[in-house]
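Participant: Generate coordinates for the sequence data below:
(2 chains)
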Amino acid sequence: MIRALFSAASGMNAQQTNVENIANNIANANTAGFKARRAQFQDLLYQNLIQPGAAATQQTVVPTGLQLGLGTRAVSNEVIFTQGDFSETDNPLDLVIQGNGFFQVLQPSGQTAYTKAGDFHLNQTGQIVDPNGNLLDPPITVPQNALSLTIGSDGTVSYTLPGQAAAQQAGQIQLANFANPSGLNSLGQNLFQQTDASGAPVIGPPGGQDGMGTLLQGYLEQSNVSIVQEFVNLIVSQRAYEANSKVVKAADDMYQQVNNLKQ
Amino acid sequence: MDQISVMAAAGMQARMQSLDLVANNLANSSTSGYKTDGEFYTLFTSEAAGEDASGASSVPMIQRQWTDFAPGLLEPTNNPLDFGLAGKGFFVVQGPSGPLYTRNGNFRFSTGGALVTSEGYPLLQQNGQPFRANTAQPLAVSLDGDITQNGNSIGRIQVAEFQSHAGLTKFGANFFWNTTGQEPAEATGSQIYQGKIEASNVSASHGAVRIVGLSRQFEMMQKAILLANDMGKKSIEEVAKV
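Facilitator: Okay, here's the model as predicted:
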């Protein structure tokens, strides 16, 4: 009987996790480069009250047994790496990766982090940095007097200087990809970190042999959160929470009646 | 104890177990690929009653649970590594101690390029081997389970079908295991939809109705026990008045 209470409590806990995940998705519906997460659940272990295959009589065995489940748990909320919409910004340092791959940025700690958000800027020394000031890796420097900045679909950064007809190359942006991107660790600020589950990064130029996507200059990738989908999930989750709370109530009522047996 | 109390108490205990099952179903209403559990009631007749087992000498109990293998809705997730299975059958994964069967088609790449469950158990091909995919390339799954990358086939997903589901026991974590030794056959007519996942087949409204029914039956049996107690009390106090 206590099983019913704990199963229902585990269901309420799981739905709470679900709502928290949905809330974070909706809160980031306007975060450029954000990727939605989807919560996954699993049933817990089963308690065998009658073991299947146990002897019922000397000649026969119990065909299926009696197993009572012990509830549910949230097992993962994996990142869904579908492409978000592109919005035109006309900012030469706004980039979209069309396809697989992550930009690499160097954190102050010296560790490389990975991001899908392509809203880059120049810092005071002309280096390309992300909105938090982390350097793009490998670093690319654009001189202050550069007139126009062009980033090709293969990641080649070039600029023209005043009085010069020929464009100068500043470097090539390299992308990283992972065997299992869903296994990356979210750091916040749109950054991801490599884990044992994601595997080591494969690094290559955009559009190359390594299966990286190509770059598109002057566009930003919007969040891939679908508000409609999230609201539908929210309704379902809320109702499931309610159903579980009714089980708690029913189990509690039964207990109360058992206690009233002794007058 | 008198016969009424014994019967009613057994009935109450069985209803409590029923509520345990309903609670587990409702708790798993968001678990992908979960299948609803129900129960079979039976009458337990004591051996002492012998041939003339009347209604009064048997008590209700739950004999066993059964699992409703009705399909759940295929929900679109847009995740290319979510596979929704329409029709009969189960995905086969290599568990730590033999094959496990699941309707939960949520997979991810391992670092070696195998398609694995969230526990890391690899999804098996028809030839019984894990997949070896190039993780940098997008992956396309046809309705009949053929996986291709860049136009090259890398194998076909094994979908196991059982003649009878009676021997499938819940393992937890969305898996079933085969307790009968009956070898599954390759499913025919099943379709695999990429980017969808099978939702739990728990019906919340059915669960709610069950809770109401169980609560009321429980209440009635509690009343029966109180009544039996009352009768006993009266017969001792009033009939045997000296």
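
Participant: Every contact and neighbour count from this point should use C-alpha atoms.
Facilitator: Will do.

Participant: So what's the gap between the host helix or strand of residue A:259 and the chain middle?
Facilitator: Secondary structure from DSSP states H and E places residue A:259 in helix A:227-260. Using Cα atoms, centre = their mean, to the nearest Å, the mean C-alpha position of helix A:227-260 is found 28 Å from that of the whole chain.

Participant: now the end-to-end length of stretch A:117-125.
Facilitator: Stretch A:117-125 stretches 22 Å from its first residue to its last (Cα to Cα, to the nearest Å).

Participant: For it, buried residues please.
Facilitator: Within stretch A:117-125, the residues scored as buried using 16 or more other Cα atoms under 10 Å in any protein chain shown are A:117, A:118, A:119, A:120, A:121, A:122, A:123.

Participant: again with stretch B:92-111
Facilitator: Those would be B:92-95, B:99-111, for stretch B:92-111 by 16+ other Cα under 10 Å.

Participant: Show me the domain layout of chain A.
Facilitator: Here the domain parsing of chain A from automatic domain parsing is A:2-41+A:72-80+A:225-260, A:86-221.

Participant: for chain B, what are the low-confidence residue spans?
Facilitator: Per-residue confidence for chain B (pLDDT under 70) gives these ranges: B:1, B:46-57, B:240, B:242.

Participant: Now for it: which helix has the highest residue count?
Facilitator: When chain B is parsed with DSSP state H, its longest helix is helix B:204-234.

Participant: can you pull the contacts of the closest residue to residue A:85 other than its chain neighbours?
Facilitator: Spatial nearest neighbour of residue A:85, excluding adjacent residues (Cα to Cα, 6 or more residues apart in numbering or on different chains): residue A:222 at 5.2 Å. Counting by Cα atoms under 8 Å, 6 or more residues apart in numbering or on different chains, residue A:222 makes contact with A:30, A:31, A:32, A:33, A:34, A:84, A:85, A:86, A:87.

Participant: so which two of the buried residues of stretch A:117-125 are the farthest from each other?
Facilitator: A:117 and A:123 (17.4 Å; Cα to Cα).

Participant: count of residues packed around the closest residue to residue A:155 other than its chain neighbours?
Facilitator: In space, and not counting its chain neighbours, residue A:155 is closest to residue A:173: 4.7 Å by Cα to Cα, 6+ apart. Residue A:173: 23 surrounding residues under other Cα atoms under 10 Å in any protein chain shown.

Participant: cool, residue B:71 as well?
Facilitator: Applying other Cα under 10 Å, I find that residue B:71 has 18 neighbouring residues.

Participant: got a list of what it touches?
Facilitator: B:86, B:87, B:198, B:201.

Participant: With neighbour count, secondary structure and distance to chain A added, can I get these in JSON lines?
Facilitator: Shown next, in JSON lines, are these (neighbours: other Cα atoms under 10 Å in any protein chain shown; DSSP: H, G, I helix; E, B strand; the rest coil; distance: Cα to the nearest Cα, whole Å):
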{"residue": "B:86", "neighbour count": "20", "secondary structure": "strand", "distance to chain A": "20"}
{"residue": "B:87", "neighbour count": "14", "secondary structure": "coil", "distance to chain A": "22"}
{"residue": "B:198", "neighbour count": "25", "secondary structure": "strand", "distance to chain A": "12"}
{"residue": "B:201", "neighbour count": "22", "secondary structure": "coil", "distance to chain A": "13"}
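
Participant: Residue B:231: which of the residues you listed is nearest?
Facilitator: Nearest to residue B:231 among the contacts of residue B:71, counting by Cα to Cα, is residue B:201 at 46.4 Å.

Participant: so that closest one makes contact with residue B:70?
Facilitator: Yes. Counting by Cα atoms under 8 Å, residue B:201 touches residue B:70, with 6.9 Å between them.

Participant: any weak-confidence spans in chain A?
Facilitator: Filtered on pLDDT under 70, chain A yields the residue ranges A:1, A:52-53, A:56, A:61-64.

Participant: so where do the helices sit in it?
Facilitator: Along chain A, the stretches classed as helices by DSSP H are A:2-27, A:227-260.

Participant: Then chain B?
Facilitator: Applying DSSP H to chain B gives helices spanning B:3-27, B:204-234.

Participant: Of these, which stretch is the most buried?
Facilitator: Sort those by mean neighbour count, taking mean count of other Cα atoms under 10 Å in any protein chain shown, and helix B:3-27 sits at the top with a mean of 24.

Participant: what separates it from the chain centre, distance-wise?
Facilitator: When distances are taken as Cα atoms, centre = their mean, helix B:3-27 is centred 18 Å away from the chain's centroid.

Participant: got the angle for that helix vs helix A:227-260?
Facilitator: Using axes from the mean of the first three to the mean of the last three Cα atoms, to 10 degrees, the direction of helix B:3-27 lies 160 degrees away from that of helix A:227-260.

Participant: Tell me the helices and strands packed up against helix B:3-27.
Facilitator: Packed against helix B:3-27 by the contact rule (3 or more Cα pairs under 8 Å, 6 or more residues apart in numbering or on different chains; DSSP states H and E) you find helix A:2-27, strand A:66-69, helix A:227-260, strand B:37-45, strand B:58-67, helix B:204-234.

Participant: Residue A:200: which of those is closest?
Facilitator: Among the helices and strands packed on helix B:3-27, helix A:2-27 comes nearest to residue A:200, with 27.1 Å by Cα to Cα.
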